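S.K.: Need a 3D model of the sequence below.
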Amino acid sequence: MSVGIVEPVPDALHLLLRQAVLALAESERRRQFPPVLHAGTPGGSHVAFQAVRDECDDAALRVDVVEALLGRVAPPAEPALVWLARPGPLDVQDLDLHWLAAAAAAAGELGVGLRMVVVNRRSWRDPRTGVGREWRRLRRRS
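M.R.: Here you go, the predicted structure:
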């Protein structure tokens, strides 16, 4: 079951998604970089998949990738979290929708709840609901 993020965003989820954005901002310095799909806990135990261009054009292969990622992280007490880190503005793109469909199918097959967002260096957004956050100057908290 895929779970869209709605307002008000719970504090715990807000902190996790902020951490996903911060981790990307701190680790990726290139202006253009390949998209990377993550599953798990931002800033904690998570796994990532970076597809070679056009490697994941097959919908069934994308579902298998998400299932494999979710299988490698500890079973979540809450819905699992999957995030797609990519450059550019977070207007919904075909790539986002392809991975969202794969994540929803994988969650359904595994019988787990799932939240999926797209992140860049300054923001995150749920492609289903449009809910998101943006920071002008994101800094690690002391």
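S.K.: Tell me the secondary structure at the residue nearest the centre of the chain.
M.R.: With the centre of the chain defined as its mean C-alpha position, the nearest residue by C-alpha atoms, centre = their mean is W83, 0.6 Å away. Of the three states, W83 takes strand under DSSP: H, G, I helix; E, B strand; the rest coil.
S.K.: Just name whatever secondary elements the helix or strand hosting G108 is in contact with.
M.R.: Assigned by DSSP states H and E, G108 belongs to helix 94-110. Contact here means 3 or more C-beta pairs under 8 Å, 6 or more residues apart in numbering; DSSP states H and E; on that basis helix 94-110 packs against helix 59-72, strand 80-85, strand 114-119. Quick note: C-beta positions are derived from backbone N, CA and C, even for glycine.
S.K.: List the neighbours of that helix that are in contact with it.
M.R.: Counting contacts by C-beta atoms under 8 Å, 6 or more residues apart in numbering, the residues outside helix 94-110 that touch it are 1-2, 35, 37, 56, 59, 62-63, 65-67, 70-71, 80, 82, 84, 86, 113-114, 116, 118, 127-128.
S.K.: low pLDDT regions in the chain?
M.R.: Applying pLDDT under 70 to the chain flags residues 1-2, 52-55, 74-78, 141-142.
S.K.: of all the helices and strands packed on helix 94-110, which lies closest to L24?
M.R.: Taking C-beta to C-beta as the measure, the helices and strands packed on helix 94-110 were each checked against L24, and strand 80-85 came out nearest at 4.8 Å.
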